[in-house]
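Student: Need a 3D model of the sequence below.
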Amino acid sequence: MSPISFFFSLSSGWSLQLLPVQLPVSLDVVVVLAIIAIVFVLFVTQPVPIDATAVGLVVVLILLGEWTGVSPEQGVSGFSNPATLTVLAMFVLSEGVRQTGVIQILTRKLVAFAGDNEFRQLLATVTLSGPPGGVVSNVSVVAVLIPAIMNLARQTKTSPSKLLIPLSFASMLGGMLTVVGTITNLLASEVWVQVGGPDAQPFDLLEFTHLGAIVLLVGIVYLLTVGRYLTPARIEPAESSTDAFGMTDYLTDVVVMEDSPLVGSRVGELSERDLDLDVFQIVRGNRTLARGLGSERIQVGDVLSVRADQETLQEVIEQDHLQLLPEVMEA
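Tutor: Numbers count the residues shown, from 1 in each chain. Prediction:
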């Protein structure tokens, strides 16, 4: 680009001319930086679901390929990446484990072992999330254990953050045991194959197990000693979701069927009925609605998280044509 001169007129009549300035970046860089800034704002504000923003980013990069340098083949190549498929398979495995009822069994075992002892609760959390994180993706380990840990915290009146933060750190440390432990390990192995030359091979499964075992052991000791006192209690036990809604009877999820008379009605209209029933969350596709539900209209396929006694719940299921999900949590 040609040099650009800037002129500033001062109130005294003097004129100041700056030295010619050459723009340091090309139009390609400006376009890419603009895309990054817009995506960052969308991720923070979330006017649309995050996954929709991510897919939209891929589409924009392809459409603006003249400036971004991303071809259609490159744009969709991530969907066939082994790391992506591995993570997808791990989430399928986690959902399968959740639906088998293992979470409820695990919660009972945790409560029986730890009780109200905070040290035992922390010990059970880090030992259950650390070593398995090297065998199964740490993302899956956390996804499977979060419901059990939340149930443990609720039943023992412990602040959830005192257990969830160590859960996250222990699973990340355990992910260093093997290549399949974390998404980062898998991506690093793929990148090495691409940039390491013709003789480059993917990392072995136990490529860095020795170092990972040392890091995991030190990390667990730290979490049980120093970290135990540094972990904040961000949520007081009395302020948990079940206490806030007075959910002392029965908490479960129900699906709105096509022939349900509730379709099209507002959630607030349920409270006008003579029923001891509270709807505190709606899962609609990939969206979770938890605020301002009174004016929200119920749609077919909505998953309603409700609190009610067993008799009321059975009555609503029969009259309003709702279907009970298999996962049920008793208070």
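
Student: ranges for the strands of the chain?
Tutor: 7-9, 15-17, 250-256, 277-284, 287-289, 303-308, 322-330 (DSSP state E).

Student: quick one: strands adjacent to the fourth one?
Tutor: The strands beside strand 277-284 in its sheet (DSSP bridges) come out as strand 287-289 (antiparallel), strand 303-308 (antiparallel).

Student: Next, the contact list for the closest residue to residue 131 other than its chain neighbours, please.
Tutor: Excluding its sequence neighbours, the residue lying closest to residue 131 (CB to CB, 6 or more residues apart in numbering) is residue 174, at 5.7 Å. From N, CA and C alone the C-beta is placed, and that goes for glycine too. The contact partners of residue 174, by CB atoms under 8 Å, 6 or more residues apart in numbering, come to 129-134, 138, 141, 181, 212, 216.

Student: Tell me the spacing between residue 317 and residue 257.
Tutor: If you measure residue 317 against residue 257 using CB to CB, to the nearest Å, the figure is 10 Å.

Student: intersection of neighbour lists for these two?
Tutor: Joint contacts of residue 317 and residue 257 (CB under 8 Å, 6+ apart) are residue 323.

Student: which of the strands paired with strand 277-284 is buried the deepest?
Tutor: Of these, the one with the most neighbours on average (mean count of other CB atoms under 10 Å) is strand 303-308, at a mean of 21.

Student: what's the angle from it to strand 250-256?
Tutor: 140 degrees (axes from the mean of the first three to the mean of the last three CA atoms, to 10 degrees).

Student: Only C-alpha atoms, please: export strand 303-308 in PDB.
Tutor: The C-alpha coordinates for strand 303-308 follow below in PDB (Å, rounded to 0.1, in the frame of the first residue of the first chain):
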ATOM      1  CA  VAL A 303     -37.300 -32.000  28.600                       C
ATOM      2  CA  LEU A 304     -38.800 -30.400  31.800                       C
ATOM      3  CA  SER A 305     -36.800 -30.600  35.000                       C
ATOM      4  CA  VAL A 306     -39.500 -30.700  37.700                       C
ATOM      5  CA  ARG A 307     -39.900 -31.100  41.400                       C
ATOM      6  CA  ALA A 308     -42.900 -32.800  42.800                       C
END
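
Student: would CSV of the strands paired with strand 277-284 with mean pLDDT be doable?
Tutor: Formatted as CSV, the strands paired with strand 277-284 follow (pLDDT from 0 to 100):
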stretch, mean pLDDT
strand 287-289, 82
strand 303-308, 82
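
Student: circling back: keep only those of the contacts of residue 174 that are in helices.
Tutor: 129, 138, 141, 212, 216 (DSSP state H).

Student: Which of the strands paired with strand 277-284 sits closest to residue 49?
Tutor: Checking these against residue 49 by CB to CB gives strand 287-289 as the closest, at 6.1 Å.

Student: now that closest one, how far from the centre of its chain.
Tutor: Centroid separation for strand 287-289 versus its chain: 13 Å, with CA atoms, centre = their mean, to the nearest Å.

Student: can you check stretch 173-190 too?
Tutor: For stretch 173-190, the gap between its own C-alpha mean and the chain's C-alpha mean amounts to 18 Å (CA atoms, centre = their mean).

Student: What mean pLDDT does stretch 220-228 get?
Tutor: Taken as a whole, stretch 220-228 carries a mean pLDDT of 93.

Student: got the contact list for it?
Tutor: Here stretch 220-228 has contacts from 118-119, 122-123, 126-127, 130, 166, 169-170, 173, using CB under 8 Å, 6+ apart.

Student: all helices for the stretch 1-150 of the chain, in order.
Tutor: In the stretch 1-150 of the chain, the helices defined using DSSP state H, counting those that start in this stretch lie at 27-45, 50-63, 65-68, 72-76, 82-99, 102-114, 118-129, 138-156.

Student: Ok, the stretch 201-331 of the chain next?
Tutor: 209-224, 226-230, 241-244, 268-271, 310-320.

Student: picking that back up, now flag whichever of the ones in helices among the contacts of residue 174 is closest to residue 34.
Tutor: Nearest to residue 34 among the ones in helices among the contacts of residue 174, with distances taken as CB to CB, is residue 138, at 34.2 Å.

Student: Based on its surroundings, how many neighbours for that closest one?
Tutor: Here the number of neighbours of residue 138 (other CB atoms under 10 Å) works out to 28.

Student: got it, and residue 57?
Tutor: Residue 57: 17 neighbours (other CB under 10 Å).

Student: Wait, it touches residue 40, no?
Tutor: No. With contact defined as CB atoms under 8 Å, residue 57 does not reach residue 40; the gap is 10.7 Å.
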